[in-house]
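1. Could you work out the structure for the sequence below:
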Amino acid sequence: MSTVSVRIDEGLVSAARTAAKAEFRTVQGQLEFWAKVGRAALDNPDLPASFIAESLMSMAEPRDDSTVFVPRSTTRA
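-> This is a model prediction of the structure:
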């Protein structure tokens, strides 16, 4: 993947640095994640941003770590 230098407000970088530590990402990774969430939110205005963020995070998880969804039965005998 190629990279490009971009000027970003220091306040945004500082916020990304704080969030990156909490999310175990690099500052660059945090800014990229925020950009992806923002783009998806603009493309899907009816979805909550938290749902979009969680969906993007789950899509990035390795498939080996996933488990099959088994719904609970709604009827009781």
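2. Residue ranges in the chain under the pLDDT threshold?
-> 74-77 (pLDDT under 70).
3. Spatially central residue for the chain, please.
-> Geometric centre of the chain, nearest residue: residue 53, 3.9 Å, by C-alpha atoms, centre = their mean.
4. Now do the contacts for that residue.
-> 33, 37 (C-beta atoms under 8 Å, 6 or more residues apart in numbering). (C-beta placed from N, C-alpha, C; glycine too.)
5. Can you give me the buried ones in the helix or strand hosting it?
-> In this structure, residue 53 sits in helix 49-60 according to DSSP states H and E. In terms of neighbour count (16 or more other C-beta atoms under 10 Å), helix 49-60 has its buried residues at 52, 53.
6. again with stretch 37-49
-> Neighbour-count burial for stretch 37-49 flags 37, 40 (criterion: 16+ other C-beta under 10 Å).
7. gap between that stretch and the chain center?
-> Distance of stretch 37-49 from the chain centroid (C-alpha atoms, centre = their mean, to the nearest Å) equals 12 Å.
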